[in-house]
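Asker: Next one to model:
(chains A and B)
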There are 2 protein chains.
Amino acid sequence: LKPIQSVAIVGGTHGNELTGVYCVKHWQKQNKAADYPEFAIEYLLANPEAIKANKRYLEKDLNRCFKLADLASDLPAKNNYATPYEQGLAQKINQQLGPKGQARIDFIIDLHTSTTNMQTNVVIIKTDQFHLKLAAYLKQTLPDVVITTESELMDEHHFLMSISDAGFLVEVGPIAQGTLDANCMQQTNNALAAGLEFVRRYQNNSLPKLGDSVEIMSYHGKLHFPLDSQGEVMACVHPSLINQAYPLIRLGDPLFQTFDGETITYQGEPSHLAFINEAAYYDQNIAMCLCQAKRYKLHDERL
Amino acid sequence: LKPIQSVAIVGGTHGNELTGVYCVKHWQKQNKAADYPEFAIEYLLANPEAIKANKRYLEKDLNRCFKLADLASDLPAKNNYATPYEQGLAQKINQQLGPKGQARIDFIIDLHTSTTNMQTNVVIIKTDQFHLKLAAYLKQTLPDVVITTESELMDEHHFLMSISDAGFLVEVGPIAQGTLDANCMQQTNNALAAGLEFVRRYQNNSLPKLGDSVEIMSYHGKLHFPLDSQGEVMACVHPSLINQAYPLIRLGDPLFQTFDGETITYQGEPSHLAFINEAAYYDQNIAMCLCQAKRYKLHDERL
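Answerer: Now for the predicted structure:
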């Protein structure tokens, strides 16, 4: 990893997740970058049109548009803009912050929220020693941080943050789409500041002891809502799971409750649940995600 | 009030309030109307295009389109449809269920949700003895019902339910837009069934004792988010108010918290707060609504 000098703080990658948008504006207005003179910090409201429309995205989820092949592709044009809209936007953002693989920006922090109880969820997409130490530092510094990763599901990642070689995504919840909440702002702010502090300490060799290993939740699947014979949703997530943070579920535990009040149980290996009843995933009929807690070793030496 | 024979159960007046939509579908699929043979019950998903788009509305809030003058007006046309879209839709719904003033449907129950802790909020737009007894019956039957009314703010009402001479609106929360939740479904279902049971008992003279009076929360104002010199929101609702159900606020109590952490206090008469940080009201910059608890007398005699 090359030394980190340039940092982008990104909000509004999803247009209805207001916390990141207002966090970015607040940092700009208060010139908080002055607290980190060793970094060239810039700000980005990634999807202004979606922010204006108060929607996650207009035509395609922007945070699924950053695979190299998609960034390189010629897009069909419609009414003077590339389509899908967000794929064209991703290409512009890649020119601005990247290009991915040899990016101008060394470190990206992308600010998100969830409608479910994800606590302060920090998402990393690499499990090299730098990112593992970042994870361990954030868990040690902030009491409610849970680290998740999709590194084992996807080789070449589609997140905006994948433009740079390093970075993380913060996802705080529960908060309804299109709203602000002081605690949620504070949690996001804390994760942002702690992330920058980690990079500072990593680079000037002043990290505290981080222990031998760090626990990371690793996604391995998704559960969909049950459908009736007409293809319509016929059950809710079971009430015992609503508002739970990463609960462990075992074979036979209640999973769904049909609109008639019948319980449908879980059939599978023990797993933790995340994004339980997440509003943003209803369009794909996803009721929740499955993850496993894994321990990753931390080494003392630098990479 | 003429005898109630025809009833409309309405969901999806706001397209991203899924509970009502699925409640209506569930009642249809299970033929629950068979439990109420004395009524001709019909169902309506009021705004199918907004449901499909998972938005409250496309162009105008449908539940603000039912003033007599708006129902009568000639609308400008665009691409073969009247505009705003929902005003044209309101005129069609008025033809289908109404017309308002001499409506075919005697009783409308309109199913809504809120992103805030409104409990089972039953909204009435008349405070005649029929509706006061409905209110008292629902409060007595269901433990978490709170009755609110806007009758004193608006003479000629703009709600869909105003097509008929009688009815009520149910608004259950907190639930995120575009999601379902078994408890929220159950609360909505309970209010729906209890409302029909009330009409049955009112008409066959078998109401239980309802007491001398009923408490109703009456709206008298709204509070907006504070803006900075650039016209941008500069504060969240104070954390002490988040998730509170109809809390009483007094002069000097914490009201907002700026993004810098400063507390802004309430300056006004003692009031209860409702729709605290409601997602649907951010587009109008409304942070919460103010209401007063008022007691209305119940009379023994029929109207």
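
Asker: And A:V199, how far from A:T149?
Answerer: Going from A:V199 to A:T149 by C-beta to C-beta, to the nearest Å gives 19 Å. For the C-beta atoms, the positions are set from N, CA and C on the backbone; glycine is no exception.

Asker: what does A:A33 give?
Answerer: A:A33 sits 28 Å away from A:T149, going by C-beta to C-beta.

Asker: quick one, which of these two is more surrounded?
Answerer: A:T149 (22 against 17; other C-beta atoms under 10 Å in any protein chain shown).

Asker: That one reaches A:I125, doesn't it?
Answerer: Yes: using C-beta atoms under 8 Å, A:T149 is in contact with A:I125, at 6.6 Å.

Asker: Tell me which residues touch the most centrally placed residue in chain A, please.
Answerer: Centrality entry for chain A: nearest residue to the mean C-alpha point is A:L169, 4.2 Å, by C-alpha atoms, centre = their mean. Residues in contact with A:L169 (C-beta atoms under 8 Å, 6 or more residues apart in numbering or on different chains) are A:I109, A:D110, A:L111, A:H112, A:V122, A:V123, A:I124, A:F159, A:M161.

Asker: Wasn't it part of a helix?
Answerer: No: looking at A:L169 with DSSP: H, G, I helix; E, B strand; the rest coil, it is strand, so not inside a helix.

Asker: excluding its backbone neighbours, what's nearest it?
Answerer: Once flanking residues are discounted, A:L169 sits nearest to A:V123: 4.0 Å by C-beta to C-beta, 6 or more residues apart in numbering or on different chains.

Asker: likewise A:P174?
Answerer: A:N117 (5.0 Å).

Asker: Quick check: pLDDT value at that neighbour.
Answerer: pLDDT for A:N117: 98.

Asker: What of A:N80?
Answerer: 77.

Asker: number of nearby residues for it?
Answerer: 5.

Asker: Same check on A:K209?
Answerer: 9.

Asker: Next: A:E171.
Answerer: 26.

Asker: Write out the residues of chain A neighbouring chain B.
Answerer: A:18, A:22, A:25-26, A:29-30, A:54-55, A:115, A:174, A:176-183, A:185, A:228, A:232-233, A:236-239, A:242, A:257, A:259-260, A:277-279, A:282-283 (C-beta under 8 Å from any C-beta of the partner chain).

Asker: Give me the buried entries from the residues you listed.
Answerer: A:18, A:22, A:25-26, A:54-55, A:115, A:174, A:176-182, A:185, A:233, A:236-238, A:242, A:257, A:259, A:277-279, A:282 (16 or more other C-beta atoms under 10 Å in any protein chain shown).

Asker: Inside strands: which ones of those?
Answerer: A:C236, A:V237, A:Q257 (DSSP state E).

Asker: mind putting those residues in a markdown table, pLDDT included?
Answerer: Below are these laid out as a markdown table (pLDDT from 0 to 100):
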| residue | pLDDT |
| --- | --- |
| A:C236 | 97 |
| A:V237 | 98 |
| A:Q257 | 97 |
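
Asker: by contact count, what packs against the longest helix seen in chain A?
Answerer: Criterion DSSP state H: the longest helix present in chain A is helix A:182-203. Where contact means 3 or more C-beta pairs under 8 Å, 6 or more residues apart in numbering or on different chains; DSSP states H and E, helix A:182-203 is packed against strand A:6-11, helix A:18-29, strand A:107-113, strand A:119-124, helix A:129-141, strand A:166-173, strand B:235-237.

Asker: List the buried residues in stretch A:4-24.
Answerer: The neighbour-count check on stretch A:4-24 (16+ other C-beta under 10 Å) flags A:4, A:6-24 as buried.

Asker: Just say helix, strand or coil for A:K100.
Answerer: From three-state DSSP, the assignment for A:K100 is coil.

Asker: What separation do you get for A:N183 and A:A176?
Answerer: 13 Å.

Asker: Low-confidence bits of the stretch 1-150 of chain A, can you list those?
Answerer: Judged by pLDDT under 70, the stretch 1-150 of chain A has no weakly predicted residues.
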